[in-house]
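# The amino acid sequence is not available; the structure is as follows:
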């Protein structure tokens, strides 16, 4: 049974670079997409006054992913360092800075023909800036993801 607190769906786009340098040039980044259901997405908007007296709007997003969330394909979570060492990006998912989370179930991959910018134009997105891992706590084991 799904908790009424966790009724949102997100799509995580994990950025990775695997393979060696070709002629001194690093490989282009690639993206792996994972849909996660039964999470909470929270938009937050803060208005502050600048020293010049004008209003400054600051938007942040928090996503809570409970340990028992429904992960597409039953992919396993890997810590960012372990994910970076994986030979096959399709076997897992992670939460690391610079990754992108989109609200809802997105069925498109980030490619040279559908870029990060295209994704941000067409969907509500956030770029991960921090992760708090409380999966070892007994009350509500989860990951809290912060971003803009």
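Good, I have the coordinates. Just so we're clear, the structure is a prediction, and the values are computed from it rather than from any experiment. Numbering: from 1, shown residues only.

# residues in contact with residue 5?
Residue 5 makes contact with 40, 64, according to Cβ atoms under 8 Å, 6 or more residues apart in numbering. Any C-beta I mention is one placed from the backbone N, CA and C, and that applies to glycine too.

# do you know how far it is from residue 38?
Going from residue 5 to residue 38 by Cβ to Cβ, to the nearest Å gives 9 Å.

# neighbours of the nearest residue to residue 28 once chain neighbours are set aside, just the number please.
Leaving aside its chain neighbours, residue 28 sits nearest to residue 17 (7.6 Å; criterion: Cβ to Cβ, 6 or more residues apart in numbering). Neighbourhood size, residue 17 [other Cβ atoms under 10 Å]: 10.

# Repeat that for residue 49.
By other Cβ under 10 Å, neighbour count at residue 49 equals 9.

# Spit out the contact partners of it.
Going by Cβ under 8 Å, 6+ apart, the list of residues near residue 49 reads 55-56.

# where's the helix or strand harbouring residue 62 relative to the chain centroid, distance-wise?
Assigned by DSSP states H and E, residue 62 belongs to strand 55-66. In this view, strand 55-66 has its centroid 13 Å away from the chain centroid, taken as Cα atoms, centre = their mean, to the nearest Å.

# repeat for stretch 116-124
Its chain's C-alpha centre lies 14 Å from the corresponding centre of stretch 116-124 when counted by Cα atoms, centre = their mean.

# State the mean pLDDT of that stretch.
Mean pLDDT, computed over stretch 116-124, is 97.

# For it, buried residues please.
116, 119 (16 or more other Cβ atoms under 10 Å).

# Start and end of stretch 131-142, how far apart?
End-to-end span of stretch 131-142 (Cα to Cα, to the nearest Å): 10 Å.
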